[in-house]
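Enquirer: structural data only, the sequence is not supplied:
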């Protein structure tokens, strides 16, 4: 006997709930913008610059001993490492040029600005090695990013998001109609803003892998939206007299089972990463899990709702089969 | 949709065979396999195998300034007493991106020999390699009655930077890997950056120390007349000289323009002195040996400083002319220091100092832990998805799980075959693909269910299900592929690894879900001819 976890045919009036959805989205977007403006993002070293060192916690290497050995101001904390043993995490920015030795003090200010982080990192590494008797292999991780690269990484990350949105807009326009394209991209922007808002609210670390996660959310949300749109287009052509609202509701209901199944399997895989993939992947899998929920929600309440308000031209044109991909068969 | 002619089946089996062959070295040791069989598994990124990643940059200002310093030596030779032409007295200084040549000796009529000096300097000016219209490397212009300014124009600078980057890369390679045996990869990025990736467990601090030195080696004469030293101590340094110091020699007044430079060094190596302490031996090339001999012959009794990056390494007194060009530096070196210094001297001078922008170090243990966590998460994710699919779709679910397994083999095979690098986010990409790969199957199965509900027979329902789902599957996957492609183009390091697995995963999952599962289904339908289709 197969598991029927969802009735074969549902008849939920999604579009009559769309005002409620719009209200909820407006609240979430406003809150996100508020958090982004007031608390900002907790930028990791990739984007903010600075150094993160991770040391295995031992009898001699503890938060206290590292704090005592540090030559400069630093944030020293414990965390759980990939193999579930505790580690000591040391975070610091560039030290004051006056503290970095004579050789450094003689450099031109421009060279100082760029080199300070690396020089600070080297001094800290040397001091910790001397005072705590560490060797290179005791440093589980040592990431040190200067201001120039962190700025570039941030810009290229934002650029990637914008270019991705632009290309998807173009693709949907090409495959469907402009109303669909507007709906899809509005849904994507909605997802990205709200995800950023959640990162700001919870002050989760925002780094390069988070950008990767955001782009994947975009891809996933788009995937979901396209499946719905495909069905809307098909039903629209099939039932020429039916009002748009009913066509969209019917399409959403008939794709609902698929949407839930796919989200379900993807979530299962993502929960496996979240709980078992170690701390490095936790931020990324959290973003993706969140993205699945918000992406599914936005295909219904943002993308489809916008298409409904903008109206469709499909029924006014003579019915034509989609021929774009037929040749592949 | 339901026809699988022999060639199609061969193609499917061929693809699967290729994927399996490529993926095999990742699970089995293939070192004993016959030739032609792939033996290499997936390349692991530094975050999975541990290692050091360094991003370095060379500064255009410094490249230009260093080039002008070298030009100053040529200018000195050209303005010297040569081929019967008289010497033109001058003083050269490099200021920022300009070389100032100040003529110091007026002719009998009180005028400076500007025209003659300009002619001789301009003769040195060469064309920029590959430039159109014969653009020159230097711009030589008079800037006063006794001043000549030499600058480097933009076109020449571009060529200079290209050249400097290539040279720096060679020098970086020779310094960090003098034997040429390690797996260190050194790649250029843009026109001023170099990325070094050293897998395993190298010493990041030692690597940086090796690379942060200019490696500018010179042999300079020392001025030791008591009056000049006394003046220098009061702050009046004799023109053309400067004060340098070294751990063994203390402060010395050293002539600015060297007699012999590092460019004339043929080889350098670490050796031992009579007391069995590490020292550095090196040998000059023919040109250098001749200059060295000449200098030692003409300057008997003076000190001859061996200077590395403005630090005096040693300053022996010249007792007699030294032919042959064999030189050694003794001192208080540890073995490691002497080895590194020898590598630095042999590799030669950097066109400009490298500056480190980004350093990432991951220990090998952390890398192994990450792999283990990644594999565990993948297996559990896969098991959960498999159970879910079988519960939801029964026999068809088993087909889907079969093609999911094939999908993973193909992803691993493609990663190995394409020589792509697997990173930790890349493993996450594979797990995500496991979840999303099911999507294409789900789309089709849901469609078949609908068609069956509409009263169609199993065969026609399957036919219609696949036909109707195709455009949706393609649309949905192309959009995700766009995201992956952008990630690959604009991302860096680990993110690129994620993009690669995601992109490969999209292609393979469309293949396995749409072709492989369909083939399984059709074989079953034709073999068992079921009246009703349990789905």
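Expert: Perfect, thanks for sending it. Note that this is a predicted model, so its numbers are computed, not measured.

Enquirer: quick one: buried residues of the strand or helix carrying residue B:140?
Expert: Using DSSP states H and E, residue B:140 sits in strand B:139-142. The neighbour-count check on strand B:139-142 (16 or more other CB atoms under 10 Å in any protein chain shown) flags residue B:140 as buried. C-beta here means a position set from N, CA and C on the backbone, and glycine is covered the same way.

Enquirer: next one: stretch B:485-494
Expert: Across stretch B:485-494, burial judged by 16+ other CB under 10 Å covers B:485, B:486, B:487, B:488, B:490, B:491, B:492, B:493, B:494.

Enquirer: over to stretch A:209-222?
Expert: So, applying 16+ other CB under 10 Å, buried residues of stretch A:209-222: A:209-222.

Enquirer: mind giving me the packing neighbours of the host helix or strand of residue A:249?
Expert: Under the criterion of DSSP H and E, residue A:249 resides in helix A:244-276. Under the contact criterion of 3 or more CB pairs under 8 Å, 6 or more residues apart in numbering or on different chains; DSSP states H and E, helix A:244-276 touches helix A:208-238, helix A:279-298, helix A:305-310, helix B:364-417, helix B:424-453.

Enquirer: quick one: closest of these to residue B:48.
Expert: Among those, the nearest to residue B:48 by CB to CB is helix B:364-417 (4.8 Å).

Enquirer: orientation of that closest one relative to helix B:424-453 in degrees?
Expert: 50 degrees (axes from the mean of the first three to the mean of the last three CA atoms, to 10 degrees).

Enquirer: does chain A sit close to helix B:364-417?
Expert: Yes - with CB under 8 Å from any CB of the partner chain as the measure, helix B:364-417 is seen reaching chain A through B:364-366, B:369-370, B:372-374, B:376-378, B:380-382, B:384-385, B:388-389, B:391-394.

Enquirer: quick one, helices of the stretch 151-300 of chain B?
Expert: Along the stretch 151-300 of chain B, counting by DSSP state H, counting those that start in this stretch, helices occupy B:154-176, B:204-212, B:226-233, B:286-298.

Enquirer: rank these by pLDDT, which is bottom?
Expert: Ranked by mean pLDDT, the helices of the stretch 151-300 of chain B bottom out at helix B:226-233, with a mean of 79.

Enquirer: what comes up buried for it?
Expert: So, applying 16+ other CB under 10 Å, buried residues of helix B:226-233: B:229, B:232.

Enquirer: for the stretch 51-200 of chain B, give me the ranges with low pLDDT.
Expert: Within the stretch 51-200 of chain B, the stretches with pLDDT under 70 are B:82-83, B:129-134.

Enquirer: please name the residues that touch residue A:65.
Expert: By CB atoms under 8 Å, 6 or more residues apart in numbering or on different chains, the contact set of residue A:65 is residue A:132.

Enquirer: strands along the stretch 51-200 of chain A, start to end?
Expert: Secondary structure of the stretch 51-200 of chain A, counting by DSSP state E, counting those that start in this stretch: strands at A:75-80, A:86-92, A:139-145.

Enquirer: next, the buried residues of stretch B:31-51.
Expert: Result for stretch B:31-51 [16+ other CB under 10 Å]: buried residues B:38, B:41, B:42, B:43, B:44, B:45, B:46, B:47, B:48, B:49, B:50, B:51.

Enquirer: let me have the residues you listed in a markdown table, adding secondary structure and distance to chain A as columns.
Expert: Shown next, in a markdown table, are the buried residues of stretch B:31-51 (DSSP: H, G, I helix; E, B strand; the rest coil; distance: CB to the nearest CB, whole Å):
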| residue | secondary structure | distance to chain A |
| --- | --- | --- |
| B:38 | coil | 28 |
| B:41 | coil | 21 |
| B:42 | coil | 18 |
| B:43 | strand | 19 |
| B:44 | strand | 15 |
| B:45 | coil | 12 |
| B:46 | helix | 11 |
| B:47 | helix | 8 |
| B:48 | helix | 11 |
| B:49 | helix | 14 |
| B:50 | coil | 9 |
| B:51 | strand | 11 |
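
Enquirer: good, wrapping up.
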